[in-house]
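> have a look at this fold, sequence not included:
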């Protein structure tokens with residue numbers, strides 16, 4: 001078989017524009033925006049005016065636009081929910097680990113151009129790229145195209161409102177909200193508590209001046225969340241009973 005025959009049978013590689021078109025669902029007008037989505041700051045690229053070229057500004061915009069789209073969706077789908085409930089539901093959808101999952105599902109990471117070894121990045125880079133992509137779609141295609149993209153890639157495949165209502169994302173946030181509504185006093189005492197080989201932190205939670213739980217973790221935030229989770233299950237029955245009585 002000759003070289004010409006082999007070339008005819010080989011599958012041509014997709015261009016960057018074709019790849020992006022398949023991801024976002026339409027042909028982009030300003031392809032340079034999407035090239036920027038996959039440009040990491042480590043490349044130290046700048047334009048003719050010396051302004052940095054990377055995904056970070058688009059990530060900032062995408063974060064805001066995504067929050068607006070999700071907020072509008074919840075406002076429409078939950079017509080009797082109060083501001084606090086809507087805020088909590090939005091937080092559950094746009095939380096970092098969830099956006100990381102969306103970014104991974106879209107297989108965005110292989111497109112990232114970087115000078116740093118990719119295995120040095122945390123999982124957050126997946127969510128960062130996705131937010132930058134949302135920002136690029138908004139600038140390139142406008143709000144309606146961006147909303148359609150978010151609905152297809154985020155809301156339709158992943159958002160189940162009934163499931164989200166019962167899911168606890170932040171035990172500390174849930175408890176604090178409960179304590180405040182019940183007019184209960186609470187205090188988190190988090191302090192350094194070094195272990196044998198590494199620095200640790202211990203958290204104690206006092207409710208109405210009574211110690212209800214304690215926990216240790218590698219940083220203050222994790223320790224506070226861990227002790228909150230332990231305390232949550234001590235108050236879970238009371239919280240459910242109160243919620244049931246309000247229905």
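On my side now, so go ahead. For clarity, every value in this text was computed on a predicted model and none was experimentally measured.
> what sits against the most centrally placed residue in the chain?
Centroid-nearest residue in the chain, with C-alpha atoms, centre = their mean: residue 96, separated by 2.6 Å. Residues in contact with residue 96 (C-beta atoms under 8 Å, 6 or more residues apart in numbering) are 124, 127. C-beta here means a position set from N, CA and C on the backbone, and glycine is covered the same way.
> could you chop this protein up by domain?
Following automatic domain parsing, one gets these domains for the chain: 16-166, 171-246.
> most packed of those domains?
domain 16-166 (a mean of 16; mean count of other C-beta atoms under 10 Å).
> how close does residue 235 get to residue 80?
Applying C-beta to C-beta, to the nearest Å, the value for residue 235 to residue 80 is 26 Å.
> just the residues contacting the one helix or strand residue 190 maps to, thanks.
Here residue 190, judged by DSSP states H and E, is contained in strand 186-192. The contact list for strand 186-192 (C-beta under 8 Å, 6+ apart) reads 172, 175-176, 179, 199-208, 220, 223-224, 227.
> sorry, back to before: could you dump the domains of the chain into JSON lines with mean pLDDT added?
Conversion of these to JSON lines gives the following (pLDDT from 0 to 100):
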{"stretch": "domain 16-166", "mean pLDDT": "92"}
{"stretch": "domain 171-246", "mean pLDDT": "86"}
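> ok, which stretches of the protein are helices?
Here the chain has its helices, by DSSP state H, at 3-9, 16-24, 31-37, 56-77, 83-93, 96-105, 124-141, 143-150, 156-158, 161-166, 171-181, 220-246.
> now that we have those, can you turn them into CSV and tack on distance to residue 214?
As requested, the helices of the chain are exported to CSV (distance: least, C-beta to C-beta, whole Å):
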stretch, distance to residue 214
helix 3-9, 67
helix 16-24, 47
helix 31-37, 44
helix 56-77, 35
helix 83-93, 26
helix 96-105, 26
helix 124-141, 29
helix 143-150, 41
helix 156-158, 35
helix 161-166, 27
helix 171-181, 14
helix 220-246, 6
